[in-house]
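[1] The following comprises the amino acid sequence and a computationally predicted model.
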Amino acid sequence: MKTVRYGVIGLGNQGKKYIESYFMKDMVPDASLVAVCDTDPAAVKGVVEALGFEGAVFSDYREMIDSGMVDAVMIETPHYDHPEMTVYGLTHGVHVLCEKPLCIKEEDIDRILAAEGASDAMLGVCHQNRYNPANLFVKQYLQEHGVRAAHGTVAWHRDAA
């Protein structure tokens, strides 16, 4: 099996956590982290120093994708960047795993799905909480009661730990 060459775009809390969890602990078989990208030099320096990363470093995601060094990217940037980066990766034949939400504007979904449909690359979206008991309950409730639209607010607190 071919080793998939990954790049991570966005080295904030989530990007760093994925690198630590998946790549530094060899949690993803047949995958190798070969490149990282962030517009913030301090974030890059933090990952390189804290994790001992020795691969390629980019400040522009397009340059990383165009380099030919990566087969797949993980997008861990602010929500508003997800559509552009996802479409760029897919249209350049690079597999994309995007943090949720895939997009925040309804009009972006058609662009993303068109890029996915026209590409040989695959698109995945992180939804790591979809099997939590509370989420399963809400899904079942909505289905059983024929609810077609709903609005919810989630209060989430993350401390420094």
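    Received, thanks. Remember, predicted model here, so these are calculated numbers, not experimental data.

[2] If we go by neighbour counts, what in the lowest-mean-pLDDT helix or strand in the chain is buried?
    Every helix and strand of the chain was ranked by mean pLDDT, DSSP states H and E. The lowest is helix 13-18, at a mean of 84. Across helix 13-18, burial judged by 16 or more other Cβ atoms under 10 Å covers Gln14, Gly15, Lys16, Tyr18. Where you see a C-beta, it was placed from the backbone N, CA and C, and this is true even at glycine.

[3] One more: stretch 107-124?
    Buried, per 16+ other Cβ under 10 Å, within stretch 107-124: Asp108, Ile112, Ala115, Glu116, Ser119, Ala121, Leu123.

[4] Out of the residues you listed, which is nearest to Ala35?
    Distance to Ala35 across these (Cβ to Cβ) is lowest for Ala121, with 16.4 Å.

[5] any idea how far that closest one lies from Thr91?
    9 Å (Cβ to Cβ, to the nearest Å).

[6] Strands of this structure, residue ranges please.
    Under the criterion DSSP state E, strands of the chain are mapped to 4-9, 31-37, 56-58, 72-75, 95-98, 123-125.

[7] closest to Val47 out of those?
    So among those, strand 31-37 is nearest, using Cβ to Cβ, at 6.0 Å.

[8] Tell me, what's the model's pLDDT at the closest residue to Ser32 other than its chain neighbours?
    If the residues on either side of it in the chain are set aside, Ser32 comes closest to Thr3, at 5.2 Å by Cβ to Cβ, 6 or more residues apart in numbering. What the model reports as pLDDT for Thr3 is 87.

[9] residues in contact with Thr3?
    Remark: with contacts taken as Cβ atoms under 8 Å, 6 or more residues apart in numbering, Thr3 is in contact with Asp30, Ala31, Ser32.
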